[in-house]
Structure formats: C-alpha cells, structure tokens
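Asker: Quick one, fold the following:
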Amino acid sequence: MQMFRSITLWALIAILMIGVIALPVNLQTQLVCSLSVVIFMAVIKLLDAGGRWRLVALAFGTSIVLRYVYWRTTETLPPLNQPANFIPGLLLYMAEMYSVVMLALSLFIVAMPLGSRRLPKIDGKRFPTVDVFIPTYNEDAVLLSNTLAAAKAMDYPRDKVEVWLLDDGSTLQKRNSANPIEAERAETRMRELQALCETLGVRYLTRERNESAKAGNLNNGMAHSTGELIAVFDADHAPAHDFLESTVGYFDEDPKLFLVQTPHFFMNPDPLERNLKTFETMPGENEMFYGIIQRGLDKWNASFFCGSAAVLSRRALDTTKGFNGISITEDCETALALHSQGWNSVYVDKPLIAGLQPATFASFIGQRSRWAQGMMQILRFRFPLFKCGLSLPQRLCYMSSTLFWLFPFARTIFLFAPLFYLLFDLEIFTASGGEFLGYTLAYMLVNLMMQNYLYGSFRWPWISELYEYAQTVHLLPAVISVLLNPTKPTFKVTAKDESVSVSRLSEISRPFFVIFATLLFATFVAIYKVYAEPYKADVTLVVGGWNLLNLIMAGCALGVVSERGEKASSRRFKTQRRCEIANGETWYPAAIQDVSVGGSQIHVFGRDLPNFQIGVPGSIRFRLHNSDETVVLPTMVRRAERQGEITEVGIQYKPATPLDHRGIADLIFANSDQWQSFQRGRRRNPGLLRGTAWFLGLALFQTSRGLVYFFRSFRRKAAA
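Answerer: Model prediction:
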C-alpha cells in the first residue's frame, strides 16, 4: 500500500505539471523554470532525502523532460518540404524520443526498487531434491574441475542433490565428424571429462546432436533426471557453500514460484574495466543490472532467468516442455513464457556464485552481440507488450529489457548528428543557441540527475554512455541483421578464462580510430565556422560543443580498445584463513591473506624461519569451510619476502589430481561474504560534478594512451 501511495503521489505531481508544460512561455521564463528545477533536485540530493522526496524530485525532473518533448515536437523539426534537412532531423527526433521512452520505463521499474529479501528457512523435515546442471561446450577440464568441485561442496543433504555435467562438446555428432581431427578431439574430451566426473562423484551426460544449443542441452539434462528443482550454473560460475541454503526455501513459501535468480558476480574485470583500470574502484557494468534493475523487476514480479546462478521448478518447466529455444537467449525467453502462465519469480540480491567474464574486447563484443540479437528475436517472435497472460507491469518490464538493445541506433544518430551541420551545413534541429540552453541543456542536466537518483553508487556519470558507445560500433550491424532475418543468429559460446599476455590494439579497434579522426576534423571545422560565419556563431558553438562531447567519448573509447597486457585471468580477493605451509619436511603455522583462481598470498609466522625455496614443489593444508575435514593442496612457491616476524609467501596452486580442486574451490568459492564485501567497497556515488570531472580526466588520459598504442602498432607494421 505504501508503494502504491508513493507512485500515486509521483504520478499526480507529473499530471499536474502537464498543464504547465503546454503553456506558451518566453525563453527567459523557461530558463528560470529549468534552473529552479535543477536547483531543487540538487538540494534534495545533497540532503540525501529519500522516500517521497525522492519521488517528488523525480516528478519535477519528469516535468522538464515532458516540457522538452513538447517543445521539441512542436517547434524544432525541419520543414517537410526540405527533405535533406527533414529526414536526418526526423531520425534525430526519433532517437531522442526513444531515449525518453527508455527513461520513462526506467522510472517505472526502478524509481522505488524492492529492498533485499530476507533469506528463507528450508523446512528441515523435507528437503526438495535438486539437480544441478552445468552445461559445457568447449571449456577446459581445469576450469570445469573448480566449478564441479564447488557445486559438490554446497551445503545440502548429499542424498538430495545430484550434480550433472552436460557436455555438448563431445556429442555423438562431433565424435563421428568427417573431420578426423575434430572427431578425435571430441573423443579425447569425452574420456577426460568422464574420468573427471567419476573422480568428483558427478554424473556425466552428453547427447547425439547439438540441437537447440544451450536450451537443448538443458532439456536433455531434464530428460535424464528427476529432481524437483533444477539449479543451473555456467561452466565458469562456481557456487558458494550456501547457494542452495539461500534459495531453495523460497519454493516452500510459494507453490507458484518457478524461479529464484541470484546475481552474477565476476572475479575478473571486463575489457573496459581492465583497460581503464577501474575494476577495484568503480562498480562494474553488471552491478547496475543486478544491484538495481533486477530489484526493480522483482517488485513487479518480472525478474527473469539470466542463464546461470538460478534455481528453477521442474513442475513449472514441464508446462513449457522445458527451456524455450526459439531465440538464442533461452533464459529470458523461458522466463517470459512462464510469467505469462501465471508463475512467479524471486530475485535474491546477494552474490552466491563467482564467475569469469570475457577478458578481450572482441569476446566482450561477441557476448553482447548474442544478447542483443537474442533480445531482438524475443521482441520479434514474442512481443511482450501483447503477450497474453502478462500483467501490465510485466509487459512494461519485458519491453524495457528488449527495447534497451535498440540503443545502437540512437547512439549512432547522436554520434553523427552534429556532422550534418558542421560538414554539410544541414539544419536538422531548428533552434537558436539560447533555446538550446533553455530547453536541451536543461533536459540533459535533468536527465543526468535523474539517472544519478536512480542508479547512484551503482553507475557513475557518463559510464553507461561509454559502454553503449563502445558496443554500438559493432552491435549496430548485428542488430540490423537480426531485424532483417530473425532466424539467422546462432548460439555462440562466450570464450572463458582468457588473458592478454602482451599489450596490443584489439583486432576490432580500427573503426574507433576512424570515428575519432572524423570527429576531431569536425571540431576544427566548428572552430573555423565560428570565425568565418559570426552571424550564426551561437548555433555553431552549440553544435560544436555537442561534437566535442562525442569526441571526448570517442577518445576515451580508444583506451578501451587498447588492450593492456595482463597474465592473470582473475583478481585476488582478501580473506583471513588459518593454514599450515610446508617448507621442506616441516610444517609452519600460517594465514591465507588473499586468494585467486591461480594462487594465494600467505603470511608465515616465526622470526627464525628458514628461507623458502622458489620454484620447488610444496603444499599447504587447511580445514575446509564449515567442516572438520583437512585437505592438503599441492603448491609451488613463486615469491617469498621476510617482513619482521612474518614471511610473505606467494604460492601457485599445482593440483595433481581432480580431488585437489576441492581445496582450490573451497579457498576461492566457499565464502560468498567476501564477494559481497568487495562489491560494497566499490559502491560509492561521486556525484554529478565530481563524477563528470573524473570522467573528463579519465577520457583525456585514455585518449593519449590509445593514440600511443596506435602509433606504436603503426611503427611495428611499418618495420615488419
């Protein structure tokens, strides 16, 4: 009821303001009104007023947006009898209206997102049976060993859970391939994974043919299993001990529940975070979705399946004959089908798995292309707005999730619109410089402030724009392709466990340098036009400023596509855990200070310790998480440095058997609290002014770094 009252208040204020929006006012009055709203919103933000005041601020911001839309629609479009101006002018107008629609949907979804849910208690008298599905295609055995070991170690009655490795890389179709190399590779892979599964106590399953990609693989797993619930983890998504304890109980509370989704937490930076060096200091791209948007969707019973880190009801899946596979995003499509049948979903806002995301920019774009094409397929084939069985809020939520991936069209138009005026003297936006300040600049400021209200510490200013621009260059052809031929895209597995050993330009970086050079040339044209055509200098300055903003974004993207050399595929996470380390034949008491996928840093206690020999095989032993069992893990010392009474030792894991991965998985994945602590350490809101200043500094540095990489690459090619 409280939520309904708050939303009603926000809607009433916006409706009352509509009467003011259409009033004819002079430019001075518009400037005063816009400035007043900006100041009012800034004061509320500085006072950190939440609840209804937050909605009041958003409502006043909405009034400025609607005022801009009214002015933009009635006064700024070029005449219809000037097609050279009207056509690009109309495209720009449509791109702006798309942005307004997406802002409206965002306000509806996340203006007052649902708080974190309490963790449920499982009925101790009846633990539902659970099948854990880990689909794999081309991932190596080491990566799979950690995930399988972590899945086997989850806290749950052993007789109630069965872990399955669903291997789509060793199907009969592949083993009988006409290509002898491919056939032998598939046969070898099957034998290796079968041995791995037997050692770890995991069920191995493959199938005859690779049909319907991941959805078909999961459905094959359903056909060979009987668990009441199905937990799904990607091959590189290893669960914490408490994953099932934190999710299964919800199904006892709601018999119509089909999904419990948890966040995807990543132990390595994506290419933007790695190349810009922001992984430890700034929230990642996925945190805005999992930290805010999924909570907003959850409020409207529209949180959807994200392909991994989730538990689903077999009874619900049986009603749709398993996982849907018409699109290449089977996760969202399956959730849409089940929501439309009246089933419910729950989102748990706590990271309970840790995984890996693409490390190279090319793989990152490949993954995003698949997401974009899959969502466009859902938009074409399922069109959520008219999907029978969905509530109105659910329709709007799914439309927001699918329409979002049309952003490459809008971003492309915003990028090139200033060039129509600067290079071709076309007037696609009929307004004076003063009108631009009174309407457009006010709209842009309010838009940025509203985004800061909505996403705050989860997304810093201008970062969303940078992510969208970096993806637009290559996603635009992918989106156009699927719109023209929606059945064409095929499922492609995202590369896992990559690393960039040598600093280099991405293989798909060329368009970014071409665009940067074009925008830089247009900047000099703008400067020339200000002096050569002083009678329209106000408009030229405005358009030139817009182009300069695009140039700053394009310059920052040069740093994004300049891949930093980095051998480690994951970051270290701090921990405090007692252990013992062997030095020769003697064991010494120690404490594990941090962990990563490849190794750990250990503090060994004692003033009179003998020197640790570098590169010599050794081992550590420790007690498993929430257990009395002790394991011994083979290691190798890579670094040792004495600091007073403590010797700091860097070790590398050297697993000799699959069972050794139990220890590695326990060190890295057992405790989910360390991931939540890491996320909270990055979540701070720099504010609009400081955030903008920080981004300008970042863009300047990354522009210079990108140009250095470019000229260095050019010299190498010339020398070759």
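Asker: Point out the other helices and strands that the longest strand seen in the chain packs with.
Answerer: Across the chain, the longest stretch assigned as strand under DSSP state E is strand 630-643. Using 3 or more CB pairs under 8 Å, 6 or more residues apart in numbering; DSSP states H and E, the elements in contact with strand 630-643 are strand 617-623, strand 646-653, helix 660-669. Glycine gets a C-beta too; all of them are placed from N, C-alpha and C.
Asker: what sits up against it?
Answerer: Contacting residues not belonging to strand 630-643 are listed as 581, 599, 609, 611-624, 647-656, 660, 662-664, 666-667 [CB atoms under 8 Å, 6 or more residues apart in numbering].
Asker: could you measure Thr412 against Thr62, distance?
Answerer: Distance of Thr412 to Thr62, computed by CB to CB, to the nearest Å: 27 Å.
Asker: Contacts for stretch 432-448, please.
Answerer: 27, 30-31, 34-35, 37-38, 41, 61, 64-65, 67-68, 71-72, 99, 103, 431, 461, 538-539, 541-542, 688.
Asker: if we can go back for a sec, closest one to Lys488 among the helices and strands packed on strand 630-643?
Answerer: With respect to Lys488, and counting by CB to CB, the nearest of those is helix 660-669 at 37.8 Å.
Asker: now the helices for the stretch 151-300 of the chain?
Answerer: 172-175, 180-200, 213-223, 250-253, 271-276, 285-288, 294-299 (DSSP state H, counting those that start in this stretch).
Asker: Report how many residues lie close to the nearest residue to Phe251 once chain neighbours are set aside.
Answerer: Among residues not flanking Phe251 along the chain, Leu257 sits closest, at 5.4 Å (CB to CB, 6 or more residues apart in numbering). When neighbours are defined as other CB atoms under 10 Å, Leu257 has 19 of them.
Asker: which residues does Leu257 contact?
Answerer: Counting by CB under 8 Å, 6+ apart, Leu257 makes contact with Tyr250, Phe251, Ser313, Ala316, Trp343, Asn344, Ser345, Val346.
Asker: which of those has the most neighbours?
Answerer: Neighbour counts for the contacts of Leu257 (other CB under 10 Å) peak at Ser345, which has 27 neighbours.
Asker: quick one: that one and Lys299 touch, right?
Answerer: No - in this structure, Ser345 is not within contact of Lys299 by CB atoms under 8 Å, at 11.4 Å.
Asker: Now Leu114: phi and psi?
Answerer: When read as degrees, to the nearest 10, the backbone of Leu114 gives phi -70, psi 140.
Asker: Could you chop the chain up by domain?
Answerer: If you go by automatic domain parsing, the domain ranges for the chain are 130-267+285-357, 573-670.
Asker: Among the ones you listed, show me which one is buried the most.
Answerer: domain 130-267+285-357 (a mean of 21; mean count of other CB atoms under 10 Å).
Asker: How far off centre is it?
Answerer: Between the centre of domain 130-267+285-357 and the centre of its chain there are 18 Å (CA atoms, centre = their mean, to the nearest Å).
Asker: now swap in stretch 573-585 and tell me
Answerer: Stretch 573-585 has its C-alpha centroid displaced from the chain centroid by 34 Å (CA atoms, centre = their mean).
Asker: and if you look at stretch 64-79?
Answerer: 34 Å.
Asker: Now that stretch: buried residues?
Answerer: Ile64, Val65, Leu66, Arg67, Tyr68, Val69, Trp71, Arg72, Thr76, Leu77, Pro78 (16 or more other CB atoms under 10 Å).
Asker: Ok, stretch 400-416 next?
Answerer: By neighbour count with 16+ other CB under 10 Å, stretch 400-416 contains the buried residues 400-416.
Asker: neighbouring contacts of stretch 383-400?
Answerer: Outside stretch 383-400, the residues that reach it (CB under 8 Å, 6+ apart) are 102, 105-106, 108-109, 297, 300-302, 304, 336, 339-342, 378, 402.
Asker: longest single helix anywhere in this protein?
Answerer: Longest helix in the chain by number of residues, with DSSP state H as the criterion: helix 688-719.
Asker: picking up where we left off before, for the residue nearest to Phe251, list each beta-bridge partner.
Answerer: Under the criterion DSSP bridges, Leu257 forms beta bridges with Asn344.
Asker: And for Ile646?
Answerer: Beta-bridge partners of Ile646, counted by DSSP bridges, are Phe605, Gln643.
Asker: how close does it sit to Leu633?
Answerer: Separation of Ile646 from Leu633 (CB to CB) stands at 21 Å.
Asker: The most centrally placed residue in the chain and Ala526: what is the separation?
Answerer: In the chain, the centroid-proximal residue (CA atoms, centre = their mean) is Asn286; its distance is 2.7 Å. As for Asn286, its distance to Ala526 is 37 Å (criterion: CB to CB).
Asker: State the mean pLDDT of stretch 235-253.
Answerer: Stretch 235-253 carries an average pLDDT of 94.
Asker: same thing with stretch 86-98?
Answerer: Averaged over stretch 86-98, pLDDT sits at 95.
Asker: likewise stretch 214-228?
Answerer: 95.
Asker: picking up where we left off before, give the other helices and strands that the longest helix of the chain contacts.
Answerer: helix 271-276, helix 442-455, strand 504-505, helix 510-532, helix 537-560, strand 562-563.
Asker: Throw those into CSV and include distance to Leu244 and mean neighbour count, thanks.
Answerer: Below are these laid out as CSV (distance: least, CB to CB, whole Å; neighbours: other CB atoms under 10 Å):
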stretch, distance to Leu244, mean neighbour count
helix 271-276, 30, 23
helix 442-455, 31, 20
strand 504-505, 42, 19
helix 510-532, 44, 16
helix 537-560, 38, 22
strand 562-563, 38, 24
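Asker: Which one of these lies nearest to Val142?
Answerer: When the helices and strands packed on helix 688-719 are compared by CB to CB, helix 271-276 sits nearest Val142, at 21.5 Å.
Asker: which helices and strands sit right next to the closest one?
Answerer: For helix 271-276, the elements it packs on are helix 361-381, helix 463-484, helix 537-560, strand 562-563, helix 688-719, judged by 3+ CB pairs under 8 Å, 6+ apart.
Asker: mind listing which of the buried residues of stretch 64-79 are in helices?
Answerer: Judged by DSSP H, helices contain the following of the buried residues of stretch 64-79: Ile64, Val65, Leu66, Arg67, Tyr68, Val69, Trp71, Arg72.
Asker: residues in contact with the fifth one?
Answerer: This points to Tyr68. Tyr68 makes contact with Tyr439, Thr440, Ala442, Tyr443, according to CB under 8 Å, 6+ apart.
Asker: Confirm that the second one sits in a helix.
Answerer: Yes - secondary structure of Thr440 (DSSP: H, G, I helix; E, B strand; the rest coil): part of a helix.
Asker: where's it relative to Glu75, distance?
Answerer: From Thr440 to Glu75 the distance is 12 Å (CB to CB).
Asker: which residues do these two both contact?
Answerer: Jointly contacting Thr440 and Glu75 under the rule CB under 8 Å, 6+ apart are Ala431.
Asker: Where does the prediction get shaky in the protein?
Answerer: Across the chain, residues meeting the criterion (pLDDT under 70) sit at 1-26, 49-50, 123-125, 489-499, 567-570, 718, 720.
Asker: Can you tell me the closest non-neighbouring residue to Gly555?
Answerer: Per CB to CB, 6+ apart, closest to Gly555 is Thr703, 3.3 Å.
Asker: Quick check, the one you found in contact with Val560.
Answerer: No - between Thr703 and Val560 there is no contact under CB under 8 Å: 10.9 Å.
Asker: burial count for the nearest residue to Lys299 once chain neighbours are set aside?
Answerer: Nearest residue to Lys299, sequence neighbours excluded (CB to CB, 6+ apart): Leu114, at 4.1 Å. Residues lying near Leu114 (other CB under 10 Å) number 17.
Asker: What of the one 5 residues further on?
Answerer: Burial measure for Leu119: 13 neighbouring residues, criterion other CB under 10 Å.
Asker: cool, Gln28 as well?
Answerer: Gln28 sits with 10 neighbouring residues when counted by other CB under 10 Å.
Asker: This completes my enquiry, with thanks.
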